[in-house]
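>>> the following block contains a protein sequence and its predicted model.
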Amino acid sequence: MSVDFVLVEKPDSLAFFRQIERIYLDSFPVSQIRPNKMIIRMLEFDPNYYLLVAREDYFIVGFSLLYAFNELNAAFLDFMAIDKTYRGRSIGSELFRYTLNVSRRLVVNSIGVFFEVERESPLEYDMEGFKYRGVRFYRRHGAKVLENVHYMGVSPRTRT
Ligand SMILES: CC(C)(COP(=O)(O)OP(=O)(O)OC[C@H]1O[C@@H](n2cnc3c(N)ncnc32)[C@H](O)[C@@H]1OP(=O)(O)O)[C@@H](O)C(=O)NCCC(=O)NCCS
């Protein structure tokens, strides 16, 4: 079965969003998520907010949400997640690469994509912050950890 990656031009049905919502709610703690309704509104009304999906035979197995900050020549990766049952098959890696490529097309003179990664458990903490699986994943794909950024969100986070 083959996986393809698409920039969704116009999300057309609630059933479509239900698939995204299922992956989303399953992947992030409640404290971190945006209500689905807000995502739908942002996609509808804000031309700088983009939804990208990974599909296997037209079934959605992952998504990323990207905000193009054209004035900053950069994009913000708002969320990215792969359906739990599809993880570990490189779909996340491919979706991340695809998201980077799309951001280069969408953002004028793009200097890159920035995002934050949640610390998964206190046990995974190390002083360099590189042991977190999420951080390792993104570093493997060329992301750079921003040193000396001590800003903390509502729940403590690791910055990359
Ligand atoms: C991060 C994520 C998108 C990777 O998707 P994937 O399809 O499993 O990725 P790949 O198969 O290409 O790569 C697998 C690697 O992802 C790593 N990974 C990173 N974060 C992970 C997480 N939260 N849960 C599980 N695996 C994760 C795995 O450890 C594995 O690397 P390893 O074998 O060195 O441990 C997916 O794990 C996920 O949806 N996680 C939950 C949501 C999330 O953390 N999103 C990113 C922050 S916005």
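Yep, that arrived.

>>> the ligand contacts on this protein?
Contact residues (C-beta under 6 Å from any ligand atom) of the chain with the ligand: 27, 79-82, 87-93, 117, 120, 133-134, 136-137. C-beta: built from backbone N, CA, C; applies to glycine.

>>> same thing but 8 Å
Residues of the chain lying close to the ligand by C-beta under 8 Å from any ligand atom are 23, 27-28, 62, 77-84, 86-96, 115-118, 120, 132-134, 136-138, 140.

>>> from those residues, which ones fall inside helices?
Under the assignment DSSP state H, the residues of the chain next to the ligand contribute 23, 27, 91-96, 133-134, 136-138, 140 to helices.

>>> select only the buried ones of those in PyMOL?
Buried residues among those (16 or more other C-beta atoms under 10 Å), as a PyMOL selection:
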select buried, resi 23+27+91+92+94+95+96+134+138
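
>>> okay if I get the ones in helices among the residues of the chain next to the ligand as a markdown table plus distance to Y49 and pLDDT?
Shown next, in a markdown table, are those (distance: C-beta to C-beta, whole Å; pLDDT from 0 to 100):
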| residue | distance to Y49 | pLDDT |
| --- | --- | --- |
| I23 | 18 | 95 |
| S27 | 19 | 91 |
| I91 | 22 | 98 |
| G92 | 21 | 97 |
| S93 | 23 | 98 |
| E94 | 22 | 98 |
| L95 | 17 | 98 |
| F96 | 18 | 98 |
| R133 | 27 | 75 |
| G134 | 22 | 77 |
| R136 | 28 | 85 |
| F137 | 24 | 90 |
| Y138 | 21 | 91 |
| R140 | 27 | 92 |
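
>>> who's in contact with D57?
M1, S2 (C-beta atoms under 8 Å, 6 or more residues apart in numbering).

>>> ah, wrong one, I meant L95
Neighbours of L95 in contact, by C-beta under 8 Å, 6+ apart: F5, L52, A54, G62, F63, S64, M80, I82.

>>> if we go to 7 Å?
F5, A54, G62, S64, M80, I82 (C-beta atoms under 7 Å, 6 or more residues apart in numbering).

>>> and these, which are buried?
F5, A54, G62, S64, M80, I82.

>>> give the residue spans of the chain that score low on pLDDT.
118-132, 152-160 (pLDDT under 70).

>>> looking at it, which residue is nearest the ligand?
Residue nearest to the ligand within the chain: G92 (2.1 Å; C-beta to the nearest ligand atom).

>>> what helices and strands are in contact with the longest strand along the chain?
Ranked by number of residues, the top strand in the chain under DSSP state E is strand 59-69. In this structure, strand 59-69 packs against helix 14-27, strand 49-56, strand 74-82, helix 91-106, with contacts taken as 3 or more C-beta pairs under 7 Å, 6 or more residues apart in numbering; DSSP states H and E.

>>> sounds good, over and out.
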